[in-house]
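Enquirer: just the structure for this:
(2 chains)
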Amino acid sequence: AQKVTQAQTEISVVEKEDVTLDCVYETRDTTYYLFWYKQPPSGELVFLIRRNSFDEQNEISGRYSWNFQKSTSSFNFTITASQVVDSAVYFCALSGLSNFGNEKLTFGTGTRLTIIP
Amino acid sequence: NAGVTQTPKFQVLKTGQSMTLQCAQDMNHEYMSWYRQDPGMGLRLIHYSVGAGITDQGEVPNGYNVSRSTTEDFPLRLLSAAPSQTSVYFCASSPTSAEPGELFFGEGSRLTVL
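Expert: Purely as a prediction, here's the structure:
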């Protein structure tokens, strides 16, 4: 069975502060993929990143960065110099080897991030 | 560029009524799926399809039916609505490949069952 835990239900920070969203996962698969999705107030879900279990290099995309640590089963997401437009619900998700080819994702419960101007 | 289109966006039903949530995609994606989103529970997979004529159950399939007669369409049917089915429903599609890829989501359909 797969499980994704996002322990932070809600986070509020003042604009320009850095913020890290935590994601811890459980899987018995040795090969798996991790994802982050953003759900802004408008409601649609937007893909942010995919990372496979063999690539533990951190990734940076503009103000966004992701830290993948297999030793702690974590895939944390950091926003640097946060902006009001970053206010959204963020979901971490997992797809295991048995799901390859059919994209069955297990989602966490989401973290609602509010950036205070 | 339509992407994934869901209709209706809002619907109110009475207990016991039936309805169909429509989902269409114009990206020629083989994989399509339905999720429901409930407060504090994230998104849960209801049903999915890896191609026309092929469907399978996800995590929470009870009370829902699906069919996939074409690549483009993947309707979700509620045969006898129950208040527990009050939720926001998302349809998603993806091109099937060797690695799980990005899911493209529709804008969601908010369903209220009274």
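
Enquirer: would you mark the buried spots in the lowest-mean-pLDDT helix or strand in chain A?
Expert: When the helices and strands of chain A are scored by mean pLDDT, DSSP states H and E, strand A:59-61 comes last with a mean of 86. Residues of strand A:59-61 classed as buried by neighbour count (16 or more other CB atoms under 10 Å in any protein chain shown): none. All C-beta spots, glycine's among them, are computed from the backbone N, C-alpha and C.

Enquirer: got the residues of chain B near chain A?
Expert: When proximity is defined by CB under 8 Å from any CB of the partner chain, chain B lies next to chain A at B:31, B:33, B:35, B:40-45, B:48, B:50, B:58, B:88, B:90, B:92, B:94, B:96-108.

Enquirer: can the helix or strand that the least confident helix or strand of chain A is followed by be said to contact chain B?
Expert: Once the chain leaves strand A:59-61, the next helix or strand it forms, by DSSP states H and E, is strand A:64-69. No - for strand A:64-69, no contact with chain B is found by CB under 8 Å from any CB; the gap never falls below 15.1 Å.

Enquirer: name the next helix or strand following strand A:64-69 along the chain.
Expert: Sequence-wise, the next helix or strand downstream of strand A:64-69 (DSSP H and E) is strand A:74-79.

Enquirer: which residues sit against the first helix or strand past that next one going along the chain?
Expert: Where DSSP H and E defines the elements, the next helix or strand beyond strand A:74-79 is strand A:88-96. Strand A:88-96 has contacts (CB atoms under 8 Å, 6 or more residues apart in numbering or on different chains) with A:2-4, A:6, A:21, A:23, A:25, A:27-29, A:31-41, A:45, A:48, A:75, A:77, A:103-108, A:110-113, B:42-43, B:100.

Enquirer: 7 Å instead?
Expert: By CB atoms under 7 Å, 6 or more residues apart in numbering or on different chains, the list of residues contacting strand A:88-96 from outside reads A:2, A:4, A:6, A:21, A:23, A:25, A:27, A:29, A:32-40, A:75, A:77, A:103-108, A:110-113, B:42-43, B:100.

Enquirer: buried subset of those?
Expert: The neighbour count (16+ other CB under 10 Å) marks A:2, A:4, A:6, A:21, A:23, A:25, A:27, A:32-39, A:75, A:77, A:103-108, A:110-111, A:113, B:42-43, B:100 as buried among the contacts of strand A:88-96.

Enquirer: hang on, the earlier thing: could you list which of the residues of chain B next to chain A belong to strands?
Expert: B:31, B:33, B:35, B:42-45, B:48, B:50, B:88, B:90, B:92, B:94, B:104-105 (DSSP state E).

Enquirer: and the two most separated of the residues you listed?
Expert: Comparing every pair within those by CB to CB identifies B:Val50 and B:Val88 as the most remote, at 24.2 Å.

Enquirer: how long is stretch A:36-55 from one end to the other?
Expert: By CA to CA, to the nearest Å, the extent of stretch A:36-55 from end to end equals 16 Å.

Enquirer: that stretch: which residues count as buried?
Expert: For stretch A:36-55, the neighbour count (16+ other CB under 10 Å) marks A:36-39, A:43-45, A:47-51, A:53 as buried.

Enquirer: of all those residues, which comes closest to B:Met27?
Expert: Nearest to B:Met27 among those: A:Phe47, at 13.6 Å, using CB to CB.

Enquirer: hang on, the closest one packs against A:Tyr37?
Expert: Yes - between A:Phe47 and A:Tyr37 there is a contact under CB atoms under 7 Å: 5.9 Å.
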